[in-house]
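Novice: Need coordinates for the below:
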Amino acid sequence: MDNYKKIIPFIKPYQRDAVLNIVFNVLYALFSALSMAALMPVLNVLFGQDEKVTVKPQLNSIMDLGGWLKDSLNYYATQFADDNPVRALLFVIVIIIVLFFLKNVFNYFALRHITVLRNGVLKDLRNTLYKKIVELPVSFYSEKRKGDVMARMLGDVGEVQTSFFQIFELIVREPLTILFTIITMLFISPKLTLFVFVFVPISGYLISLVGKSLKSKSQRAQQESGYFISILEETLGGLKVVKSYNAENNFKDKFNQSVTRLRRLSNSIGNKANLASPLSEFLGIITIAVLLLYGGQMVLIDKTLAGASFITYIALAYNILTPAKAISKASYQVKSGLAAAERVFAVLEEENAITDKTDAIEKNTFDENITIEQINFKYEEENVLKEFSLNIKKGQTVALVGQSGSGKSTIANLLTRFYDVNEGTIKIDGTNIKDLKLESLRALIGLVTQDSILFNDTIKANIVLGKPDASDEEVIEALKIANAYEFVQDLPLGIHTNIGDAGNKLSGGQKQRLSIARAVLKNPPIMILDEATSALDTESEKLVQVALENMMQNRTSVVIAHRLSTIQKADVIVVMKKGRIVEQGTHEQLLARNGTYKKLVTMQSLES
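Specialist: Sure thing, here's the model as predicted:
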């Protein structure tokens, strides 16, 4: 239940609705009991057993409340009826209608405020979770399935919201309905009410036995839901590969197995949850049967209870069944919600190691150099970078080359603080990047990756990410520098053309040039190009290479390259192998050394 306590802060903005919901639920529960108790004078009139009360009754103590209410009703009925039984019947029927009307009015307002409260908390919980998802470091998503994170946002948050407000109703509405009904029953017959006190705990115990395994099964069902969403997301993302390798049946089987497991778990959970309502009702009917047997004896033989009072008492006892069923049914949803709450708060409470220090520095300019000093870094066990040191002066273009797995892209991840170094330091103008505000550090850096990451929006919306207030003219200028305006101006709506999911309406070269235009418009002093041309064909590569050269003018650039032909003009070429620097110098210097770099150049010449 501790996870549910964590939702309480989300209620604070809506505490007015929470209070009003409680108030109206109290009134609903009170009038629910009174509306049933009002049946007694109707029955008395019908059976000719109504008592004539000519003196207005007085309430002397709270213990006499039941008798006072009964006598007051009879007094006003006597005044109104004037010895006319039909008028007396009409009077008490109007009272019943008024009581039921008030009960349902209060029910409506209680539901109205709980709806506002529920939807408000749901909105804030989703916003908080999304904010956390965006803020968590990239390393978190290298360990988690994206589908599982999506399932927590889409399914688990809704489950938490539903089950939490079941508790909210459980602790106010239904228990008070039962309480007020039992109090009314006590006024009518304390002896009979003892049976009700026996029924409630027995019913609760039996229902709890059935639902013991529900939480663990709900957790497994939610995990399975995350898994099948992952399969769906991966299938859509890699549909071309799936089709080209005739792997449709393989993915269909994986998906079918997942949803089959989910069906079995859902059936098991649903069957147990469905048992709650009939079980509680059956136990209630058994109790009423006992009440009929014992109460009937009090009416027919002992003559200690009036017939009208007994019928009203049975109606009140049956009135307990509805909230009792609601409580038992909600208890199952609560167990399911607890499992969902654990998954939601596991993300919300995930520690984010890459955050701003309390005294973090705001830095808006790049003046001298980037220094990487004796850094060591590992993703899991094996070090990816080992005692790596490098000095990058302002205005230089530094290229990192080497075989796959040599640690080139890791440098880009560390410079942007997607990951933090394990040992050593990275400094910009002598300041450790860990001491800088993340926002200001990343404002200094433009990143163009091998995968052109575009969003299902217009060309302009994709380009202005780093400068939201940019004008159309600035966007067009950035497109021209990125060698992209030629194809953009031929599109139906120009820069306002939607490019589809992940930019799938464009070619690979076109997408990459838009990524470059996005970096150009941001206009950062430091540019990181992470194998920006490696996925392109020769013609596209030439167009993109021109765009990159345009962009790198008057900027400090770190170029991570697979194709060595693209970095021959670099001021410094750093050759890496297994996380270490084995050579560095200009293109001509490295060729003259006849070492690792020349071997890489020779291999690529042979390949081409």
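Novice: Could you list the low-pLDDT ranges of the stretch 51-200 of the chain?
Specialist: The model of the stretch 51-200 of the chain has pLDDT under 70 over residues 51-89, 169-170, 195-196, 198-200.
Novice: mind listing the helices in it by residue range?
Specialist: 65-81, 85-135, 138-143, 146-151, 157-170, 173-188, 190-210 (DSSP state H, counting those that start in this stretch).
Novice: could you dump these to JSON lines with mean neighbour count and distance to A341?
Specialist: No exception for glycine: its C-beta is placed from N, CA and C like everyone else's. Conversion of the helices of the stretch 51-200 of the chain to JSON lines gives the following (neighbours: other CB atoms under 10 Å; distance: least, CB to CB, whole Å):
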{"stretch": "helix 65-81", "mean neighbour count": "17", "distance to A341": "41"}
{"stretch": "helix 85-135", "mean neighbour count": "16", "distance to A341": "10"}
{"stretch": "helix 138-143", "mean neighbour count": "13", "distance to A341": "20"}
{"stretch": "helix 146-151", "mean neighbour count": "18", "distance to A341": "14"}
{"stretch": "helix 157-170", "mean neighbour count": "21", "distance to A341": "5"}
{"stretch": "helix 173-188", "mean neighbour count": "20", "distance to A341": "21"}
{"stretch": "helix 190-210", "mean neighbour count": "15", "distance to A341": "19"}
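Novice: Figure out which of those helices is closest to Q568.
Specialist: For these, the distance to Q568 is smallest for helix 138-143, at 31.2 Å, taking CB to CB.
Novice: on that earlier part again, do you know which of the helices of the stretch 51-200 of the chain lies nearest V572?
Specialist: Nearest of the helices of the stretch 51-200 of the chain (CB to CB): helix 138-143, 27.1 Å.
Novice: May I see the helices of the stretch 51-200 of the chain organised as JSON lines, with distance to P468 added?
Specialist: Converted to JSON lines, the helices of the stretch 51-200 of the chain look like this (distance: least, CB to CB, whole Å):
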{"stretch": "helix 65-81", "distance to P468": "66"}
{"stretch": "helix 85-135", "distance to P468": "16"}
{"stretch": "helix 138-143", "distance to P468": "23"}
{"stretch": "helix 146-151", "distance to P468": "26"}
{"stretch": "helix 157-170", "distance to P468": "28"}
{"stretch": "helix 173-188", "distance to P468": "47"}
{"stretch": "helix 190-210", "distance to P468": "54"}
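Novice: residue boundaries of the helices in the stretch 201-350 of the chain?
Specialist: 214-237, 239-244, 248-300, 307-348.
Novice: Among the helices of the stretch 51-200 of the chain, which comes closest to N504?
Specialist: helix 146-151 (18.4 Å).
Novice: So which other helices or strands are in contact with that closest one?
Specialist: helix 214-237 (3 or more CB pairs under 8 Å, 6 or more residues apart in numbering; DSSP states H and E).
Novice: Residues contacting the helix it packs on, please?
Specialist: 145-152, 154-156, 159, 242, 251, 254-255, 258-259, 261-262, 265-266, 268-269, 272-273, 332, 335-336, 338-340, 342-343 (CB atoms under 8 Å, 6 or more residues apart in numbering).
Novice: ok, 6 Å please
Specialist: Helix 214-237 is contacted from outside by 145-148, 150-151, 155-156, 251, 254-255, 258-259, 261-262, 265, 268-269, 272, 332, 335-336, 338-340, 343, using CB atoms under 6 Å, 6 or more residues apart in numbering.
Novice: quick one: buried residues of that helix?
Specialist: Buried positions in helix 214-237, judged by neighbour count with 16 or more other CB atoms under 10 Å: 214-215, 217-231, 234-235.
Novice: Export it to PDB, keeping only CA atoms.
Specialist: The C-alpha trace of helix 214-237 is given here as PDB (Å, rounded to 0.1, in the frame of the first residue of the first chain):
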ATOM      1  CA  LEU A 214      -4.100 -11.800  -7.700                       C
ATOM      2  CA  LYS A 215      -1.300  -9.200  -7.300                       C
ATOM      3  CA  SER A 216       1.500 -11.500  -8.600                       C
ATOM      4  CA  LYS A 217      -0.600 -12.600 -11.600                       C
ATOM      5  CA  SER A 218      -1.500  -8.900 -12.400                       C
ATOM      6  CA  GLN A 219       2.200  -8.000 -12.300                       C
ATOM      7  CA  ARG A 220       3.000 -10.900 -14.700                       C
ATOM      8  CA  ALA A 221       0.200  -9.800 -17.000                       C
ATOM      9  CA  GLN A 222       1.500  -6.200 -17.100                       C
ATOM     10  CA  GLN A 223       5.000  -7.400 -17.900                       C
ATOM     11  CA  GLU A 224       3.600  -9.500 -20.700                       C
ATOM     12  CA  SER A 225       1.700  -6.500 -22.000                       C
ATOM     13  CA  GLY A 226       4.900  -4.600 -22.100                       C
ATOM     14  CA  TYR A 227       6.600  -7.400 -24.000                       C
ATOM     15  CA  PHE A 228       3.900  -7.700 -26.700                       C
ATOM     16  CA  ILE A 229       3.900  -3.900 -27.200                       C
ATOM     17  CA  SER A 230       7.700  -4.200 -27.700                       C
ATOM     18  CA  ILE A 231       7.200  -6.800 -30.400                       C
ATOM     19  CA  LEU A 232       4.700  -4.600 -32.100                       C
ATOM     20  CA  GLU A 233       7.000  -1.500 -31.900                       C
ATOM     21  CA  GLU A 234      10.000  -3.600 -33.300                       C
ATOM     22  CA  THR A 235       7.900  -5.100 -36.100                       C
ATOM     23  CA  LEU A 236       6.700  -1.700 -37.300                       C
ATOM     24  CA  GLY A 237      10.200  -0.200 -37.000                       C
END
